[in-house]
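Trainee: Next comes the sequence, and after it the predicted model I'd like to discuss.
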Amino acid sequence: MAQNLHEFLLRLKALFRKRRMEREMADELAFHQAMLQDKLLRQGVAMADLDAETRRSFGSASRWHERLRELWQFGGLENFGRDVSYAMRVLRRSPGFTVVAILTLALGVGANTTVFSIINGLLLRPLAVPESDRLAVLGISQGNPRINYTFSEPLFRSLESRHGVFEQVFAFDHTSLQVKGSGGNENVPGQLVSGEFFPALETAPLLGRTLTPQDDRKGGDPVGYGVVISEGFWQRWFNRTPNVIGQKLTINNVPFTVVGVMPKRFIGADPLERPELYVSMSTEPALNGERSMTADGFHSWWLNVMGRIGPNGTLLKADAQVAAESGAVLHEAIPDAGWIADRQKRHFHFIAENGSGGFTYLRLLFREPLAVVFAMCGGILLLACMNLASLLMARGAARQRELATRLAMGATRRRLVQQLLVESLLIAIMGTTAGLAISPLVGKSLSMVLLGGEIDMQIDTSLDIRVFAFAALASVVATLLVGLVPALQATSGSLNEHIKSGQHTTQAHERRRIMPKIMMAGEIGLALMLVVGAGLLASSLVRLYKSGAGFDPRGVENISFSMDQQPLKGDALMQFYQQLGDGLSRQPGVTSVSFARIVPFTHRIWDQSYSSPGSKDQDINRNAIGPNYFGTMRIPLYEGRDFTWNDTKASGLKLILNKAAAQVLFPDRSALGQTILEKDEKTTLQYEVVGVVGDAKYEELRSPAPPTAYSPMTQDDDADRSRSYNAVVRVNGEAGPLANTARLLGTKLDPGIPAPVMTSMQSVIDDSLSAERTMALLAVFFAVCALVVTAVGLYGTLAYATARRTSEIGIRMALGARRTQVVAMVFLQNARVALVGTGLGLIAALLASRALASFLYGTSVRDPWVFAGSILALAIIASAASLLPALRSARINPMVAIRCE
Amino acid sequence: MGQVADSGELIQGTLEMLILKALLRGPLHGYSVAEWIQQTSQQMLKVEEGALYPALHRMELRGLLKSKWGTSDNNRRAKFYELTADGRKRLDAESQRWARLSSAVAFVMQAS
């Protein structure tokens, strides 16, 4: 230890007295040489031979000097500094190479970091609550691999009361709440939470208190219903007034009292939600009235359930516990023995999994697409690295003389490798920095595309320690991949040979080198894989759009009016809608207007069991619509008639079937005029089929149109409820002003309704395909990048290699080789590599494309057109990149080339 | 590394031991250290400059030697090395080790 300290101090001293140390070393060596010369003179060596004789005996003074210098330096730190400035000079001297290298890496690292930051925000980032690692998400397994994460209220209440390893078990559900303000009602993102929600998330309020199990009792706290608001809502609604506690808020026409304010960092247990209001689950029946999901009991599955595991518990224990409790919970919560028996046959049991990141259903939706995108990103980064490596290798070959000279001057191989690595490290650092700089911007827009229509959500893609660690890792790996192989290659081999060779013709070893060829072949293979993947995803997306929705979405706008909380019911409500429709159809550009309860592709399903007399029940999708719906949507009416406002309940229940439903219910006869039965436990309803229309897709564009029955909205079964319908408006031309008109029309008819939301049918379709679109878009982007990067790599390496063969080519031409032969020779050099790479890539692509199978619509994973097209694209790119250097080599003037030697 | 005149290489560390020994009689500059070793070994051991100076500097760094600049016999500025207390201790230890090692080798070689 004392010795190390001694060394350290001396080196430190040397560092500060660098110039003096240098001089002293030189003096010491010079003194030795002088003494040696004296001795040689005494021995009778002639004056003329003195210098040569000294050198022979003493060796290279500069080399010994270098050794001594290294001895006194801090383990390479100073070398590193010198390497950096040297590398800077080298990189500045070839700006073209440097820019290409940095851009390539920026692209690779940037893409990876962006996708990683989304994965981080969606899947990895823990909730910002204390000890989030002790949180667990509960789910339900029913014998198939798909876990269900929604619970009904009775199941949750039963789970909540059993603690075991859990300190708390809590539930939440996001919902849109209508808050009464000075300018009418406003929709505000809110969350229904159980009593243990806040205790489990252990976050102190900014002001007041949080909600407690006391609040979650039926009827709430004796003082009335309490609501906890977010810091943002406090700012916006109450202007941060400190006496907000105790203020009243009218939510869904129910009076609430503000009891607390949560700090900004608290976002509940769903990482994508930004709730502004938290109300107790027990208030749900009061808030939702007739639509109460609590009142529906075990038929309504709407709650996400999580738990906080106590200090003595583990996730494994928790999982075992909830699985063991499954039977007891079922029997306690569910009164229907037949239902329980049916579930238990399917091995119904609860599961607990890691919940440190909270729960969001989007995780289930995007986990696989993100994995695929991440793999593609990894491919791009690998490609970028391989490309740079082969460029560096080619450069290394060109720099061999420089390196050999430095070896001869006394540099060790280690120092040279280190120095070359510093060069690639610089490139990597600059590339990574550039990539990191663009990553948040791209990440933000990418997550917006991913989330599509979910305007209330956001993925937190901000850079955190994990993203930085990832970027740092990526750049270190990139440096090693990019730098190490070329550096080792460039510094290998015999010194003499390199110095002698230079531009020499006798460079057999150069051409035999296998490493650059492997790199290039691998690059081409990788590029082919990316292009094939992009081709498959893109053609699948095109097929998806071409498959058609069964209606014409162009020019159709949806305007959703939230009427659920309004007092209008029954005939009065229908009258409201009829007036609204009349008002809208008088607007400029509007060609027709109708209404629908369910807008296609919004992932909402309403289904019913119907039967034709004498046959068994069929599961048919339903929708309730206004008159002229088919005309507005341009769904063909094949038989019968459309609905009118006069189809009231009194005139008998009517249905219009689509072709698929008609086929299912009446396979052997015309459906028109037939009777359809809807059997309940108590009653049987009879419907008359008044029309048959074309098939229109319902839940998603990917699935074919399901059997669907349309009923008139005027006959909706629950006249005592207030229903919300979406106005469907076909507009000719600009639709923008319509949103404002709709708002004015709505408030004129009823001042209580919140401002309606207008979305175009096309954007609904786009949003429903957001995952597919994002994947295809990214894949195509990556594929184009891959092609460009590969072209640059092929061109660069061949150009270098050809430049080094100038004199050889000169001799060939002098000996009678024709220009076409030279072109062919150079061209074939790359063509062979490209052929091997394509073969490898083809095999790899065939194997890897299976991973895409679940994302493809109407496209085989071995779609021959896509494969052929990809190979063609790559062949064109590779040929173009190889032809340029080949043509240039044919322009070599043999005389000039040979004289060069 | 130092070299045995005809063949074979001095074991790493042996050079350092010889340097310590050379400096036992008083401060010397690098050239005299090499000369002394060569003469004392009756030209059997020739110390290469490429090995000598790194060894001297390494030992200085480790605190076995210290150095100061002085004037040589022929009035040239030269760097003189001398033993530190640590250096003396090291020399004692090395001499004993060497004695044991060489007699052991001699025993083996003389065995019939």
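Mentor: On my side now, so go ahead.
Trainee: From now on I want contacts and neighbour counts done on CA atoms only, so please keep to that.
Mentor: Noted.
Trainee: For chain B, which residues are neighbours of chain A?
Mentor: B:30-31, B:48-50, B:53-54, B:57-58, B:61-63, B:76-79 (CA under 8 Å from any CA of the partner chain).
Trainee: same thing but at 6 Å, please
Mentor: B:Tyr31, B:Gly50, B:Pro54, B:Leu61, B:Arg62 (CA under 6 Å from any CA of the partner chain).
Trainee: most neighbours, which of these?
Mentor: Among the residues of chain B next to chain A, B:Tyr31 has the most neighbours (other CA atoms under 10 Å in any protein chain shown), with 23 neighbours.
Trainee: Now do the contacts for whichever residue of chain B sits closest to chain A.
Mentor: In chain B, the residue that lies nearest chain A is B:Leu61 (5.1 Å; CA to the nearest CA). Applying CA atoms under 6 Å, 6 or more residues apart in numbering or on different chains to B:Leu61 gives the contacts A:Glu7.
Trainee: Now do the phi/psi pair for A:Asp695.
Mentor: phi -80, psi 130 (degrees, to the nearest 10).
Trainee: ok, it - contacts?
Mentor: A:Gly550, A:Asn658, A:Lys659, A:Ala705.
Trainee: for the host helix or strand of A:Ala848, packing partners?
Mentor: Counting by DSSP states H and E, the element that carries A:Ala848 is helix A:819-848. Applying 3 or more CA pairs under 6 Å, 6 or more residues apart in numbering or on different chains; DSSP states H and E, one finds that helix A:819-848 contacts helix A:515-546, helix A:864-890.
Trainee: Alpha carbons only: can I get the next helix-or-strand element following the first one in PDB?
Mentor: Going down the chain from helix A:515-546, the next helix or strand is strand A:556-560, by DSSP H and E. Output in PDB follows, covering the C-alpha atoms of strand A:556-560 (Å, rounded to 0.1, in the frame of the first residue of the first chain):
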ATOM      1  CA  VAL A 556     -68.400  10.600 -42.400                       C
ATOM      2  CA  GLU A 557     -68.000  12.400 -39.100                       C
ATOM      3  CA  ASN A 558     -69.100  11.100 -35.700                       C
ATOM      4  CA  ILE A 559     -70.400  13.600 -33.200                       C
ATOM      5  CA  SER A 560     -70.900  12.000 -29.800                       C
END
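Trainee: contacts for strand A:556-560?
Mentor: With CA under 6 Å, 6+ apart, strand A:556-560 has contacts from A:Asn726, A:Ala727, A:Val728, A:Val729, A:Arg730, A:Pro756, A:Val757, A:Met758, A:Thr759, A:Ser760, A:Met761.
Trainee: Mind listing what's buried along that strand?
Mentor: Residues A:Val556, A:Glu557, A:Asn558, A:Ile559, A:Ser560 are the ones in strand A:556-560 that count as buried (16 or more other CA atoms under 10 Å in any protein chain shown).
Trainee: how near is the closest residue to A:Gly752 other than its chain neighbours to A:Trp339?
Mentor: Once flanking residues are discounted, A:Gly752 sits nearest to A:Gly184: 5.8 Å by CA to CA, 6 or more residues apart in numbering or on different chains. Distance of A:Gly184 to A:Trp339, given as CA to CA, to the nearest Å: 45 Å.
Trainee: Looking at the helices and strands packed on helix A:819-848, which is nearest to B:Leu101?
Mentor: Ranking the helices and strands packed on helix A:819-848 by distance to B:Leu101, with CA to CA as the measure, places helix A:515-546 first at 49.8 Å.
Trainee: ok, and what's touching stretch A:521-536?
Mentor: Defining contact as CA under 6 Å, 6+ apart, one finds that stretch A:521-536 is touched by A:383, A:779-780, A:783, A:786, A:833-834, A:837-838, A:840-841, A:845, A:866, A:870.
Trainee: can you list the domains in chain A?
Mentor: Chain A resolves into domains spanning A:2-75, A:132-356, A:365-545+A:770-899, A:556-766 when parsed by automatic domain parsing.
Trainee: can you tell me how far the residue nearest to A:Gly583 when sequence neighbours are not counted sits from A:Arg597?
Mentor: Sequence neighbours aside, A:Leu745 is the residue nearest to A:Gly583 in space, at 7.0 Å (criterion: CA to CA, 6+ apart). Using CA to CA, A:Leu745 is found at 20 Å from A:Arg597.
Trainee: Heading C-terminal from the lowest-mean-pLDDT helix or strand in chain B, find the next helix or strand.
Mentor: Least confident helix or strand of chain B, by mean pLDDT, DSSP states H and E, is strand B:3-4 with a mean of 39. Following strand B:3-4 in sequence order, the next helix or strand is helix B:14-22 (DSSP H and E).
Trainee: The following helix or strand past that following helix: how far from the chain's middle?
Mentor: Per DSSP H and E, the first helix or strand lying C-terminal to helix B:14-22 is strand B:28-29. Between the centre of strand B:28-29 and the centre of its host chain there is 12 Å, according to CA atoms, centre = their mean, to the nearest Å.
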